[in-house]
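**Q** below: sequence and its predicted model.
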Amino acid sequence: MSKAPPKMNDAVDLLDADHVAVKKLFTQFKKLSEAKAASDERKAIADKICKELTVHAEIEEQIFYPAAREAIHDDDLLNEAEVEHASAKDLIAQISGMDADEELFDAKVIVLGEYIDHHVEEEREEMFPKARKSDMDLKAMVADLKALKEELLANYEMPA
């Protein structure tokens, strides 16, 4: 049974569609790693993962998190999310600065995937339901998230 495409009715749908897309990339990377695929193939997928996560984190931090912080009044949850983003960004910078044939490259990408799985689970189970129950205008936020995402993707440069 195939899944229907995400509806994008609100900001949570848009953000979660990013989560699903990057999970597919991590799965693809892991298969390439296990198959000992060529380093250029693994590097290309890792670079795409880094790009998608960097842009996703930025739109959350600039638009979604500040609105959520005001609306759901759960500073601990938002603080944890920001620390998780900082840890992911550190790993992204390390991965971006490596060649795929370096010893810890695959391990770092796989661990980043594990970090992201944990982060996504917390957003899906805690933050997103609270946002939907709050007075956040999640439908109106979609346009802002999409516009910033397009701008960031157009101007994206690999982290140093």
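**A** That came through, no problem. Numbering: from 1, shown residues only.

**Q** quick one: buried residues of stretch 53-61?
**A** Neighbour-count burial for stretch 53-61 flags 53-60 (criterion: 16 or more other C-beta atoms under 10 Å). Placement of C-beta: from N, CA and C, glycine included.

**Q** likewise for stretch 71-83?
**A** Across stretch 71-83, burial judged by 16+ other C-beta under 10 Å covers 71-72, 74, 77-78, 81.

**Q** quick one: secondary structure of the spatially most central residue of the chain?
**A** In the chain, the centroid-proximal residue (C-alpha atoms, centre = their mean) is L53; its distance is 3.8 Å. Using DSSP: H, G, I helix; E, B strand; the rest coil, the structure places L53 in helix.

**Q** for M98, same thing?
**A** Put simply, M98 is coil when judged by three-state DSSP.

**Q** now V55. Nearest residue, chain neighbours left out?
**A** Leaving aside its sequence neighbours, V55 sits nearest to L152 (C-beta to C-beta, 6 or more residues apart in numbering; 4.5 Å).

**Q** what is the burial count for the one you found?
**A** 17 (other C-beta atoms under 10 Å).

**Q** same question for D40.
**A** 10.

**Q** so what's it up against?
**A** A100 (C-beta atoms under 8 Å, 6 or more residues apart in numbering).

**Q** can you tell me how far it is from D99?
**A** To D99, D40 is 10 Å away according to C-beta to C-beta, to the nearest Å.
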